[in-house]
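A.B. asks: pasted the sequence and its predicted model underneath.
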Amino acid sequence: MNNNPFTLPVFTDKWIKHFNTSRPERRFDFINNISFVKKSFFPVYVNVGKNLTKGISYNLSDKGKDFKNKVFLLYDIPDYFETDVTHTFPSLKTIDSTQYPGYLVDISKYSDITEYKKSRFGKSSLAKINKYKRKLESSFDITYTLYFGDISRETYDLIFNRFKELLEKRFSDIHVHNNNLDPKEWAFYYDVIYDMILQEKASIYVIYDGDKPIAGSINYHMDQIAIGAIMAYDTDYSKFYLGFTIIHKLLEWAIDNKLDIFDFSKGKFGYKTQWSDREYYFSYRILYDNSSWIATLLASIMSLYFKLKNNLRERNIGTIKSKLLFFIKKKGKSKAKNYNVTEFNETLNGQEFIKISFESKKFDYLNRITYDFLYSYSEHIKDIEIFQYVHDIKSFVIIGKSARQRVSFE
């Protein structure tokens, strides 16, 4: 896989810029396609990109013996990648440490999205998935856009800023820290994805409500493989299950464009197990010179460390860690507003009610309630009016074509 985006300058140069300003990048004759940085005082070298890649591929070569007395750590090697690891050096040994599960769809098996969905879901589940998409499109002015090979800087900035808002909101709601939002990591993604889109090594799929991005996915591309990297969606539209519609549209695009694989990448999440048709595993691979006692010792210690780390992960320590990090970093715990919803059968009195624009930031806490109303009564957003009680500013009335509701906040 010479077109692996994570080993090309468009990715590695940006990673060096953001994470490795003080250490030189190095290449070695015995291994192709990979560049390394020295990890510490010890003779340990780590692939450029480390664990921010979604899958490293490489080939070994008989051209040189510059692995002597050294240890090389390669993060995140998917077991379905084809790599030529044959060599003629007796002292070059390998230790694999299995880490994360990954999930993918073998798109090459399906002629269209309908065939794929029927193969994965029963009638009941399939009906729900189709209903979510249908209701979304009937309640809002929905459009779908894939940015691949071309995007203006203005559009890119708007989408990336919006994705950040959506991720912060989503993970604040569930009180979980998301590594992608670490300032240094997010700055890297913002810097690297733009150039990768222009070189067709990445894409952004966006669902728009009018001119507002409400959901989308950042993806990497290599050969006939697309890899989902970061998914964002507006939790105010939770009734419409935006995540399902994103995946549906991404897979439809991938099948229509004759890709072989759509890879959901690492992490065991419900939507991945629901939509994928194959599970695989990522490994951390340690290459070392076993004629050197120090290299052998370091490789053994690293292997034990990664084995322990994986055991802790399987005991759900990672989830606990993410929740602790959320509170340690003070991510601004969202304060949910308690409210009651009842039917409203009264006549509107102009002296008691004032019409408001719920799209105003002042009333953004009404969005989810309003969207739930749209879903329940199959209304369109353009047909909705919202009024606030003059004498009770915590009470509102939502009026559509076929239904009315009173919303009272405590």
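C.D. replies: Received it, and whenever you're ready, just let me know what you need. What you are looking at is a predicted structure, and each value in this text was computed from that prediction instead of being measured. Numbering: from 1, shown residues only.

A.B. asks: excluding covalently adjacent residues, which one is nearest to the residue located most distally from the centre of the chain?
C.D. replies: Within the chain, the residue lying farthest from the chain centre (CA atoms, centre = their mean) is Gln351, at 48.8 Å. Nearest non-adjacent residue to Gln351, counting by CB to CB, 6 or more residues apart in numbering: Val390, 7.2 Å away. All C-beta spots, glycine's among them, are computed from the backbone N, C-alpha and C.

A.B. asks: phi and psi next, for that neighbour.
C.D. replies: Phi and psi for Val390, reported as degrees, to the nearest 10, are phi -70, psi -40.

A.B. asks: return the distance of it relative to Asn349.
C.D. replies: 9 Å (CB to CB, to the nearest Å).

A.B. asks: and the two? Which one has more around it.
C.D. replies: Set Val390 next to Asn349 and count neighbours by other CB atoms under 10 Å: Val390 wins out with 13 against 9.

A.B. asks: wait, the more buried one sits on Glu352?
C.D. replies: Yes: between Val390 and Glu352 there is a contact at 5.6 Å, judged by CB atoms under 8 Å.

A.B. asks: the spatially closest residue to Val397 that is not a sequence neighbour: neighbouring residues, count only.
C.D. replies: Leaving aside its chain neighbours, Val397 sits nearest to Phe387 (4.7 Å; criterion: CB to CB, 6+ apart). Neighbourhood size, Phe387 [other CB under 10 Å]: 20.

A.B. asks: over to Arg285?
C.D. replies: Each residue near Arg285 was counted by other CB under 10 Å, and the total is 20.

A.B. asks: contacting residues around Pro24?
C.D. replies: Pro24 makes contact with Val37, according to CB atoms under 8 Å, 6 or more residues apart in numbering.

A.B. asks: what about it, which SS state?
C.D. replies: coil (DSSP: H, G, I helix; E, B strand; the rest coil).

A.B. asks: any idea how far it is from Ile261?
C.D. replies: With the distance defined as CB to CB, Pro24 ends up 35 Å from Ile261.

A.B. asks: likewise for Lys212?
C.D. replies: 31 Å.

A.B. asks: which of these two has more residues huddled nearby?
C.D. replies: Legend: neighbour count by other CB under 10 Å for Lys212 and Ile261, higher for Ile261 (18 against 13).

A.B. asks: can you give me the helices in the protein?
C.D. replies: Ranges of helices in the chain, per DSSP state H, are 9-19, 113-120, 123-139, 153-173, 183-198, 242-256, 270-275, 293-314, 317-328, 367-377.

A.B. asks: TSV please, covering the ones you listed and showing mean neighbour count, mean pLDDT and distance to Tyr208.
C.D. replies: Putting those into TSV (neighbours: other CB atoms under 10 Å; pLDDT from 0 to 100; distance: least, CB to CB, whole Å) gives the following:
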stretch	mean neighbour count	mean pLDDT	distance to Tyr208
helix 9-19	17	94	27
helix 113-120	15	93	20
helix 123-139	15	95	11
helix 153-173	16	93	10
helix 183-198	17	96	17
helix 242-256	20	95	12
helix 270-275	15	88	21
helix 293-314	15	92	37
helix 317-328	13	54	30
helix 367-377	19	95	15
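
A.B. asks: dump the ones you listed to a markdown table, plus distance to Tyr339.
C.D. replies: Formatted as a markdown table, the helices of the chain follow (distance: least, CB to CB, whole Å):
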| stretch | distance to Tyr339 |
| --- | --- |
| helix 9-19 | 43 |
| helix 113-120 | 36 |
| helix 123-139 | 21 |
| helix 153-173 | 16 |
| helix 183-198 | 33 |
| helix 242-256 | 22 |
| helix 270-275 | 28 |
| helix 293-314 | 39 |
| helix 317-328 | 25 |
| helix 367-377 | 7 |
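
A.B. asks: nearest to Asn345, out of those helices?
C.D. replies: When the helices of the chain are compared by CB to CB, helix 367-377 sits nearest Asn345, at 14.8 Å.

A.B. asks: from the chain's centroid, how far away is that closest one?
C.D. replies: Helix 367-377 sits 26 Å away from the centroid of its parent chain (CA atoms, centre = their mean, to the nearest Å).

A.B. asks: for that helix, name the packing helices and strands.
C.D. replies: For helix 367-377, the packing partners by 3 or more CB pairs under 8 Å, 6 or more residues apart in numbering; DSSP states H and E come out as helix 123-139, strand 395-399.

A.B. asks: one more time with 10 Å, if that's ok
C.D. replies: Helix 367-377 makes packing contacts with helix 123-139, strand 339-343, strand 385-389, strand 395-399, strand 404-409 when contacts are defined by 3 or more CB pairs under 10 Å, 6 or more residues apart in numbering; DSSP states H and E.

A.B. asks: so which residues make contact with the second one?
C.D. replies: It stands for strand 339-343. Applying CB atoms under 10 Å, 6 or more residues apart in numbering, the contact partners of strand 339-343 are 365-366, 369, 372-373, 376, 394-396, 398, 403-410.

A.B. asks: can you list the buried residues in it?
C.D. replies: Within strand 339-343, no residue is scored as buried using 16 or more other CB atoms under 10 Å.
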